[in-house]
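Chemist: sequence first, predicted model second:
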Amino acid sequence: MPITTVNRHTIAPCHERGGEMHLLLTPEKVEGQSGSLETVTLLPGEIFAEHYHPYSDEYLYVAQGQANITDECSTTTVLAGTGIFIPKHVPHRIQNSGITMTIIVSFFTPLAPNRTVECVLLEDMLYADLPK
């Protein structure tokens with residue numbers, strides 16, 4: 001299998017959960033079948049809606065900025081250079097808590113059986129910009 005590269009600037013962003021999500025390395029784009037990699041970009045105050053993954057653990061890396069990661073029990077502020085592990089089934093929400101753009105890299109494994117069941121959205125984005 002050859003090495004495959006995908007530049008996030010060549011991928012149309014998805015805005016359905018808030019922020020700007022780029023699906024970089026997915027089974028549809030590369031031959032790998034064990035995980036998926038994406039980036040999420042949030043402007044100051046912007047929210048990535050509460051959701052959970054029924055099939056996948058999520059590994060996050062804050063590449064730039066800072067964010068509040070909220071689960072059912074607490075909110076943790078994370079800074080650039082921080083890694084976060086979110087087990088499958090754990091509802092979580094991400095908000096840029098800084099004054100500059102936040103960029104987060106996410107890796108999911110194992111993959112869900114198909115894209116339609118990989119994520120369960122728990123928050124209507126119409127109201128996601130309201131403080132919780």
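Modeler: Cool, got the structure.
Chemist: quick check, residue 26 in contact with residue 34.
Modeler: No - counting by C-beta atoms under 8 Å, residue 26 does not reach residue 34; the two are 11.6 Å apart. C-beta: built from backbone N, CA, C; applies to glycine.
Chemist: the two: which is more packed in?
Modeler: Taking other C-beta atoms under 10 Å, residue 26 and residue 34 do not tie; residue 26 has more neighbours (18 against 9).
Chemist: residues in contact with the more buried one?
Modeler: 36-38 (C-beta atoms under 8 Å, 6 or more residues apart in numbering).
Chemist: how near is it to residue 37?
Modeler: As judged by C-beta to C-beta, to the nearest Å, residue 26 and residue 37 stand 8 Å apart.
Chemist: list the neighbouring strands of the worst-scoring helix or strand of the chain on mean pLDDT plus their orientation.
Modeler: Averaged element by element with mean pLDDT, DSSP states H and E, the chain has its least confident helix or strand at strand 120-121 (a mean of 92). Applying DSSP bridges to the sheet, strand 120-121 is found paired with strand 47-52 (antiparallel).
Chemist: picking up where we left off before, so which of the contacts of residue 26 is the closest to residue 16?
Modeler: Nearest to residue 16 among the contacts of residue 26, counting by C-beta to C-beta, is residue 38 at 12.5 Å.
Chemist: isn't that closest one right up against residue 106?
Modeler: Yes - with contact defined as C-beta under 8 Å, residue 38 reaches residue 106; the gap is 5.1 Å.
Chemist: so which of these two has more stuff around it?
Modeler: Using other C-beta under 10 Å, the more surrounded residue of residue 38 and residue 106 is residue 106, with 22 against 18.
Chemist: I'm done for today, thanks for sticking with me.
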